[in-house]
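Novice: Below is the sequence, then the predicted model.
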Amino acid sequence: MDLLALRCFQVVARHEHINRAAAELRVAQPSVSRTVARLEAELGVELFERRGRRIRLNRHGAAFLRRVDRALGELEDGRRELAEAAGTGSGGVTVAAETLMTVAALLPGHRRAHPGVDVRLRQCPADAMAHLLRTREADLCLASAPLPGPGLEAVELLREEVLLAVPAGHRLAGREDVAVAELAGEPFLTPGPGHWQRELADRLFARAGLRPEIVCEGNEPGALLDMAGAGLGVALLPAMARGAGPRAGVAWARLAASDSHRVLWLVRARDAFTPAAVRDFAAYAVAHFRGNGS
């Protein structure tokens, strides 16, 4: 059982797709299939359910993946710890966020304070972040909910109001106490299931005995503001979107709901080795959001 086989299994398990895993690993698809088959033979159990060209982790594969993530994560921590001790570390930090709009406000000040640090960004939904932290593919995550799973710790960065973005001239523009019932029949713009904005919208509408009339469902929350400005519908957006400056064609309203807010969390793997660059970025993020948040 060599490290290359374990890494191959880890990537296949993440994608649950041989061709995509092969593309990431930059090897031929038959080589990936053979590596997984040899690993299963060595372990004496199948790790995937195979249905034609589709594969899916079975219970044995899911249990083994947890161990592989931990083992490869420990080895990566060891490599990074030695590199930092020897002065050959990359001096970089990888940050994952649901939308890059959340990170953008951090970067200019952080770059001035730490000009030699390479910041790499990844955009992904919250349900993928815990895996990125366990595999050390991300050092820190900015998430709108504490991430599930053992070995993770979260620090609250910001608690902010969620506002209603509407097209300029809309009947609700400028209102301070919009009842959710008044949104019945309004064309609604939202990310897909799993995003905090969608979960908030579903909860608010369900409480009012309604369902949102969704006309646009996508995976780029930051684009909702532009679509509202184009007159396509209304959207729930965090107050930081309004604070980023005026946007042509967009007006704002406040909902008459005490729980129309979101909490932004900084999440990391508790036992992971934390290089100085990661510690500095985390400290800067805490200071930035707690100093500028509402």
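Specialist: Sure, I can see it. Numbers count the residues shown, from 1 in each chain.
Novice: now Gly73, nearest residue through space, not along the chain?
Specialist: Nearest residue to Gly73 in three dimensions, chain neighbours excluded: Arg136, at 5.2 Å (CB to CB, 6 or more residues apart in numbering). From N, CA and C alone the C-beta is placed, and that goes for glycine too.
Novice: tell me the secondary structure for the one you found?
Specialist: Using DSSP: H, G, I helix; E, B strand; the rest coil as the criterion, the local structure at Arg136 reads coil.
Novice: That one: what's it in contact with?
Specialist: Applying CB atoms under 8 Å, 6 or more residues apart in numbering, one finds that Arg136 lies in contact with Leu72, Gly73, Glu76, Asp77, Arg80, Ala269, Ala272.
Novice: Next one: it from Leu224, what distance?
Specialist: If you measure Arg136 against Leu224 using CB to CB, to the nearest Å, the figure is 32 Å.
Novice: How about Glu137?
Specialist: Using CB to CB, we find Glu137 at a distance of 27 Å from Leu224.
Novice: Between these two, tell me which one has more neighbours.
Specialist: When neighbours are counted by other CB atoms under 10 Å, Glu137 and Leu224 differ, and Leu224 comes out ahead with 25 against 17.
Novice: What is the distance between the helix or strand containing the more buried one and the centre of its chain?
Specialist: Assigned by DSSP states H and E, Leu224 belongs to helix 224-229. The chain centroid and the centroid of helix 224-229 are separated by 21 Å, computed with CA atoms, centre = their mean, to the nearest Å.
Novice: counting contacts, what elements does it pack onto?
Specialist: Contacts defined by 3 or more CB pairs under 8 Å, 6 or more residues apart in numbering; DSSP states H and E place helix 224-229 against strand 152-167, strand 187-191, strand 234-238, strand 250-253.
Novice: Surely Gly249 touches Leu225?
Specialist: No: distance between Gly249 and Leu225: 9.6 Å, which falls outside the contact criterion (CB atoms under 8 Å).
Novice: Strands of this protein, start to end?
Specialist: Chain-ordered strands for the chain, with DSSP state E as the definition, fall at 48-51, 54-57, 92-97, 118-123, 140-143, 152-167, 187-191, 213-218, 234-238, 250-253, 261-269.
Novice: relative to strand 261-269, how tilted is the third one?
Specialist: To tie it back to what came earlier, the one meant is strand 92-97. Here the directions of strand 92-97 and strand 261-269 differ by 140 degrees (axes from the mean of the first three to the mean of the last three CA atoms, to 10 degrees).
Novice: Now for the closest residue to Leu142 other than its chain neighbours, how many residues are close by?
Specialist: With CB to CB, 6+ apart as the criterion, Leu142 has its nearest non-adjacent residue at 4.2 Å, and that residue is Ala97. Counted with other CB under 10 Å, the neighbours of Ala97 add up to 23.
Novice: Show me the beta-bridge partners of Ala97.
Specialist: Partner residues in beta bridges with Ala97, using DSSP bridges, are Gln123, Leu142.
Novice: List the contacts of Trp265.
Specialist: Applying CB under 8 Å, 6+ apart, one finds that Trp265 lies in contact with Leu142, Ala143, Ser144, Ala145, Pro146, Leu147, Ala154, Val155, Glu156, Leu157.
Novice: mind showing which ranges of the stretch 151-294 of the chain have poor pLDDT?
Specialist: Along the stretch 151-294 of the chain, the model assigns pLDDT under 70 to residues 221-222, 244-245, 292-294.
Novice: Can you tell me how far the residue nearest to Gln10 when sequence neighbours are not counted is from Leu6?
Specialist: Take Gln10 and drop its neighbours on the chain: the residue closest to it by CB to CB, 6+ apart is Val68, 5.4 Å away. From Val68 over to Leu6 the distance is 5 Å, taken as CB to CB.
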